[in-house]
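*Asks:* Need the 3D shape of this:
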Amino acid sequence: MFGLPLDAWYVWIGLAIVSSTAVGVVATLPSAAPPDASGAARTVDGVAASEHAAVGKHPLSNAETVRIGSDSVSLRGPGGTEHAGFGYGPVVPVLDDPGLRATLRGEPPDHAFRTPIEFERAVRQARATGPRWQGADQIIVRRVNWEGIDVVLVG
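*Replies:* Numbers count the residues shown, from 1 in each chain. Predicted coordinates:
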């Protein structure tokens, strides 16, 4: 009456399989929250929607690297990778051009470039360059209007 039923060993094997599966699933879950790509995209859209010169900054607390394209942003961190598109665009991703980088950081475009044509050429080249992953601790967004060239710089 108090003896083990004959099928008890099947129960223990089944329980061991279910337990090891549960441990495996829990071990593959990320340990951190994914970065907030939609918040970064909202910051870009807020500046892009402005009718006047504007500046915005978005800290990247959970992201180790960022990839900015002309129509989207991607953030990668310990919690995974997140992507978000811009509602307003296309924007100008600032990567290598020193004049665009200086303008993004606050220098007037007429100090960073000799002519508006040179500025426009740098903007076209930046838009044509493919996005790539780069380390950053924040995203800076600046709307610039110079001699009829109205752009949103993001870097």
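
*Asks:* what residues are up against Gly130?
*Replies:* Residues near Gly130 by C-beta atoms under 8 Å, 6 or more residues apart in numbering: Gly69. Where you see a C-beta, it was placed from the backbone N, CA and C, and this is true even at glycine.

*Asks:* which parts of stretch 84-94 are buried?
*Replies:* Neighbour-count burial for stretch 84-94 flags 84, 86, 89, 91-94 (criterion: 16 or more other C-beta atoms under 10 Å).

*Asks:* In strands, which of the residues you listed fall?
*Replies:* Among the buried residues of stretch 84-94, the residues falling in strands (DSSP state E) are 84, 92-93.

*Asks:* Make a markdown table out of the buried residues of stretch 84-94 and add distance to Ala136.
*Replies:* Shown next, in a markdown table, are the buried residues of stretch 84-94 (distance: C-beta to C-beta, whole Å):
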| residue | distance to Ala136 |
| --- | --- |
| Ala84 | 15 |
| Phe86 | 17 |
| Gly89 | 19 |
| Val91 | 15 |
| Val92 | 16 |
| Pro93 | 12 |
| Val94 | 11 |
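
*Asks:* pLDDT-wise, what's the bottom of those?
*Replies:* In this model, the minimum pLDDT among the buried residues of stretch 84-94 belongs to Gly89 (77).

*Asks:* picking up where we left off before, pick the one among the buried residues of stretch 84-94 closest to Phe119.
*Replies:* Nearest to Phe119 among the buried residues of stretch 84-94, counting by C-beta to C-beta, is Val92 at 10.5 Å.

*Asks:* who's in contact with the nearest residue to Asp71 once chain neighbours are set aside?
*Replies:* Closest residue in space to Asp71, ignoring its immediate chain neighbours: Gly89 at 5.0 Å, by C-beta to C-beta, 6 or more residues apart in numbering. Contact analysis of Gly89 by C-beta under 8 Å, 6+ apart lists 48, 70-71, 152.

*Asks:* tell me which of those is nearest to Pro78?
*Replies:* For these, the nearest to Pro78 is Asp71 (26.2 Å; C-beta to C-beta).
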